[in-house]
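J.: Fold the following and give me the result.
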Amino acid sequence: MMLLGVKLHGFTWQQHNKNMVYLLRITLSNAIATQTEWEVEGDARVCGGNNRHVRSLWEQGRVKEALNLLSGSRVNGHTYEYLIQSCVNSKALAEGTHIHLNMLQNGFKPNAYLETKLVIMYVKGGNLVAARQVFDKMPKRNLVAWTSLIAGYAQFGQDKGALNVFSEMQRAGVEPNEYTISSVLKACAGIEALQQGEQLHARTIKADLESDVVLGNALIDMYAKCGRMEDACQVFGKMSRRDVVSFTGMIAGYAKHGSIENARKVFDRISQRDVFSWTAMISGYAKCGSLKEARQMFDKMPHKNVVSWNAMIAAYTQHGHGKDALILFNQMQQSNIRPNSSTLSSVLGVFANMGALDRGKNTHAQIMKSGFHMDVALENALIDMYAKGGSIKDAYQVFAEMSQPNVVSWTVIIAGYAHHRYGEEALSLFCQMLRGGVKPDQLTFASILSSCAGLAALEQGKQIHSHIIKIGSESYVILETALVDMYAKSGRIQTARQVFDEMSQKDVVSWNVMIAGYGKHGKAQDGLELFEQMQEAGVMPTSITFVSILSLCSHAGLVDEGWHYFNCMTQDHAIKPIAEHYACMVDLLGRAGQLEEASFFIEKMPVEPGADVWGALLAACRVHGNIELGEKVADRIFEQKPNNSGTYVVLSNIYAAAGRWHDAAKVRKLMTDRGVIKEPGCSWIEFNKKVHVFFVGDRSHPQTEEIYAALHILAGQMKLAGYVPDTNLALHDVDEEQKEHILCYHSEKLAIAFALINTAPGTIIQIVKNLRVCTDCHTATKFISKITEREIVVRDANRFHHFQDGFCSCGDYW
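T.: Numbers count the residues shown, from 1 in each chain. You can find the predicted model right below:
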């Protein structure tokens, strides 16, 4: 990312931050051996006129001229101190970096005072790498330098870095003051390092610093963020003097832990409230979901700043009130409050949640046009907006242009690829992240596990699980739930249940994922028993829970149970059915052959049935060969989604299965005329850390001859065992022999043959099919499992099929 610099008196020095750091490193290395202290007085190399001229130009705001003159001359220490202090005051990092480079190139060796100023300048400008470089070169580090560096790490969220520097400081025998300790306490609060925070508290008591209001406020913040409000109250109660920050810390602490009544009591005790105390209450109400009270508090504020507006906009965004957030954003601009990075990040979050890609792009263009400084948080919001808006290419472009992506940046882009089913690309990015030395957090692992689940990449998922265990990641519900999902979607339902049972905490999503996993694996009874355990554990089922339950009943043919749970959802849990529930019920009735009941159910729906509902009925018409109803249903779907390739394919299959080849051809021609493209069926298998993909009749694989030879042998063995090809599924108007030949080389059969050639006897074979497995391949795989004495697991678009000894876990009901 381009370091835009800070505009100082009309001048902006532009340079790449990473180039500056590199140049500093090289210059430091080359110059350190020849640096000598310049004498302020009497040194013939120092021209007094240059000092006066540079300072005069700087004071007049002619910064570019001053820097140009500085580049071609030498000045003394007083001038450097003046210039660096000016850059510190105005946070002019680019100009300050230029001045520092000039010192090094001219062989000037700054004294401890100036070195400390350089550390402060880089810290305030957010360049902690350069600050640390200057600090490490200091022969004698004073307390101010130590405190500045610690404060910088804490300020920019590098809390572990701050604690590490403090440990170095203690080993160096430098005694901290109240400002040092308050910065370290801030770092402890950031990572909830309670034990270290308590040690610092004991130190303040021993040093008789308890009365210091700054330290008291830092202790309140630390205890509150570590979940120890009783200790925060004790510190607050013992403070001889409190300021508005003390009260605000207590408000924020109570609000964080859901005690909004106590927060309000503290707020009411403040005699002179400032904008931060008001904002703390707004954020507190928002965290508790009380948006009405938050807005009332916001409207009552006598004075508002950008932080106040941000708090209310973020509250609306986080609770799904995107329109309200945008209305408030417009009001903010009308009030002449200039938005900052946090404001724009929230607004981009609204566009991300709404999928409003065009509006997000316009906002991005306005940001770039205005020359707004792009920090990491804003860049991350842009990546998220593009990814959720469906433009993963633009998301990656923003990511690729970042100079220093952090763990959030990597996580957002990986999650984006995973969401759009670019699993291999997500895994590649994850590997790049590790090679770059960026440590993944729990959300990163959860995102990459989602990619493994989508690809059914079991071996890679297991490696990531091992890595999580190795680094000792703390128990985290989202991460553990992602592991359950990965194992379930990778065909290891028993392992998924083991991870689930070992979870110390489970939320409703964890239960939903496990129940859905049982449904996909055809283990209806296990899923229903788990649902009962969920309710016994006091976890209230959600709308998503009942989607999983109804889908489970549908795949198992449990019609009566399905009706029971549908009624239970509406009557006992007061959950209003959504499109997915209706589609599940139609699917349940249709699979069971109750097409009239399914049609009647659709007619009685209180909402207009969508394409998903009609699609479930069309699939049932295909299974049960009901051409007349299938035609009517297909017409309804064409009205809603004319570009849905699946509708054309299913209708064509219905005609072909009935021998109506002319009608099947008409449907395929209509599909072509409308420019609708069918997703080609394919199957893949993971072997030796590589994914092997096969299409119907595929001859591109290096082992094609061996694969086809193996299938030829298998075909003969299967026929001897009683296998009869289902030629009704060879959807071409050709003779029976040609139909059998077409069926023989379906993608899943090619993948199974590849596995039989390359794996040892007894090894479980697991393949993935992107579409629904056809009836003939299903029958053939049952025979293959018996003949080869292999367990074969096939994951198709709908569910898992576990084939063993000639039987399938679905009971031929799918």
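
J.: Show me where this structure has its strands.
T.: In order along the chain, the chain carries the following strands (DSSP state E): 2-3, 15-16, 682-687, 690-695, 765-769, 792-795, 800-804, 807-808.

J.: So which of those strands is nearest M169?
T.: Nearest of the strands of the chain to M169, taken as C-beta to C-beta: strand 2-3 at 29.3 Å. All C-beta atoms are positioned from the backbone trio N, CA, C, and that covers glycine.

J.: mind putting the strands of the chain in CSV, mean neighbour count and distance to G472 included?
T.: Compiled in CSV, the strands of the chain are given as follows (neighbours: other C-beta atoms under 10 Å; distance: least, C-beta to C-beta, whole Å):
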stretch, mean neighbour count, distance to G472
strand 2-3, 16, 36
strand 15-16, 14, 37
strand 682-687, 20, 28
strand 690-695, 16, 30
strand 765-769, 24, 30
strand 792-795, 23, 32
strand 800-804, 22, 32
strand 807-808, 18, 41
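
J.: The lengthiest helix in the chain to strand 690-695, inter-axis angle?
T.: Of all the elements of type helix in the chain, the one with the most residues (DSSP state H) is helix 704-720. With axes from the mean of the first three to the mean of the last three C-alpha atoms, to 10 degrees as the basis, helix 704-720 and strand 690-695 are set at 60 degrees to each other.

J.: So which elements touch helix 704-720?
T.: helix 747-758, helix 775-788 (3 or more C-beta pairs under 8 Å, 6 or more residues apart in numbering; DSSP states H and E).

J.: if I pick the closest residue in space to S409 that isn't next to it in sequence, what's in contact with it?
T.: The spatial neighbour of S409 that comes closest, neighbours along the chain excluded (C-beta to C-beta, 6 or more residues apart in numbering), is N380 at 5.3 Å. N380 is in contact with S345, N406, V408, S409, V412, counting by C-beta atoms under 8 Å, 6 or more residues apart in numbering.

J.: do the same with F247
T.: Residues counted as contacts of F247 (C-beta under 8 Å, 6+ apart) are V266, F267, R269, I270, S277.

J.: ditto for S283
T.: Applying C-beta under 8 Å, 6+ apart, we find S283 in contact with A252, A255, A294, A311, A315.

J.: Determine which of the strands of the chain approaches V174 most closely.
T.: Between V174 and the strands of the chain, the shortest gap by C-beta to C-beta is with strand 2-3, which sits at 32.0 Å.

J.: which of the contacts of N380 sit farthest apart?
T.: Using C-beta to C-beta, the pair of the contacts of N380 lying farthest apart is S345 and N406, separated by 14.0 Å.

J.: more neighbours, these two?
T.: A count of neighbours by other C-beta atoms under 10 Å puts S345 above the other of S345 and N406, at 23 against 15.

J.: Without its sequence neighbours, what residue ends up closest to K641?
T.: Counting by C-beta to C-beta, 6+ apart, K641 lies nearest to A611, which is 4.6 Å off, once chain neighbours are set aside.

J.: Surely that neighbour is in contact with P642?
T.: No - with contact defined as C-beta atoms under 8 Å, A611 does not count as touching P642 (10.2 Å).

J.: more neighbours, those two?
T.: When neighbours are counted by other C-beta under 10 Å, A611 and P642 differ, and A611 comes out ahead with 19 against 12.

J.: before we move on, the earlier item: TSV for the helices and strands packed on helix 704-720, including mean pLDDT and distance to I469?
T.: As requested, the helices and strands packed on helix 704-720 are arranged in TSV below (pLDDT from 0 to 100; distance: least, C-beta to C-beta, whole Å):
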stretch	mean pLDDT	distance to I469
helix 747-758	95	29
helix 775-788	94	33
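
J.: Out of the ones you listed, flag the one nearest H573.
T.: helix 775-788 (36.2 Å).

J.: Going by neighbour count, which residues of the closest one are buried?
T.: Of the residues in helix 775-788, those scored as buried under the neighbour-count criterion (16 or more other C-beta atoms under 10 Å) are 776-788.

J.: swap in stretch 163-182?
T.: Burial within stretch 163-182, assessed by neighbour count using 16+ other C-beta under 10 Å, is assigned to L163, V165, F166, M169, V174, P176, N177, E178, Y179, T180, I181, S182.

J.: give the contact list for the residue nearest to K641.
T.: Taking C-beta under 8 Å, 6+ apart as the criterion, A611 is in contact with I637, Q640, K641, N644.

J.: before we move on, the earlier item: can you list which of the contacts of N380 are found in helices?
T.: Within the contacts of N380, residues falling in helices by DSSP H are S345, V408, S409, V412.

J.: who wins for most neighbours among those?
T.: Among those, the one with the most neighbours (other C-beta under 10 Å) is V412, at 26 neighbours.

J.: contacting residues around that residue?
T.: For V412, the set of contacting residues under the criterion of C-beta under 8 Å, 6+ apart consists of N380, I383, D384, A387, A395, F399.

J.: from those, which is closest to Y582?
T.: Each of those was checked against Y582 using C-beta to C-beta; the closest is A387, at 30.1 Å.

J.: State the distance from the closest one to H420.
T.: With distances taken as C-beta to C-beta, to the nearest Å, A387 is found 8 Å from H420.

J.: So which of those two has more stuff around it?
T.: Regarding A387 and H420, a neighbour count based on other C-beta under 10 Å identifies A387 as having more, with 25 against 17.

J.: Tell me how many other residues surround the closest residue to that one other than its chain neighbours.
T.: The shortest distance from A387 to any residue other than its chain neighbours is 2.8 Å, reached at G416 (C-beta to C-beta, 6+ apart). Taking other C-beta under 10 Å as the criterion, the count of residues near G416 is 26.

J.: got it, and S370?
T.: By the measure other C-beta under 10 Å, the count of residues near S370 is 8.

J.: roughly how far apart are it and A395?
T.: S370 sits 22 Å away from A395 when distances are taken as C-beta to C-beta.

J.: Tell me who's in contact with the nearest residue to Y813 once chain neighbours are set aside.
T.: For Y813, ignoring the flanking residues on the chain, the nearest one in space by C-beta to C-beta, 6+ apart is G557 at 5.1 Å. Contact analysis of G557 by C-beta under 8 Å, 6+ apart lists R591, A592, Y813.

J.: now, among the residues you listed, which is nearest to A457?
T.: When the contacts of G557 are compared for distance to A457 (C-beta to C-beta), Y813 wins out at 28.4 Å.

J.: Quick check: the gap between L589 and F600.
T.: Relative to F600, L589 is positioned 9 Å away (criterion: C-beta to C-beta).

J.: ok, these two, which is more surrounded?
T.: A count of neighbours by other C-beta under 10 Å puts L589 above the other of L589 and F600, at 25 against 11.

J.: What is the burial count for the spatially closest residue to the more buried one that is not a sequence neighbour?
T.: Distances taken as C-beta to C-beta, 6+ apart place A598 nearest to L589, at 3.9 Å, with adjacent residues excluded. Neighbour count of A598, defined by other C-beta under 10 Å: 25.

J.: thought A598 was touching R591?
T.: No - counting by C-beta under 8 Å, R591 is not a contact partner of A598; they are 9.3 Å apart.

J.: got any residues that touch both of the two?
T.: Contact with both A598 and R591 is made by residues A620, according to C-beta under 8 Å, 6+ apart.

J.: That's all I had, so thanks and see you.
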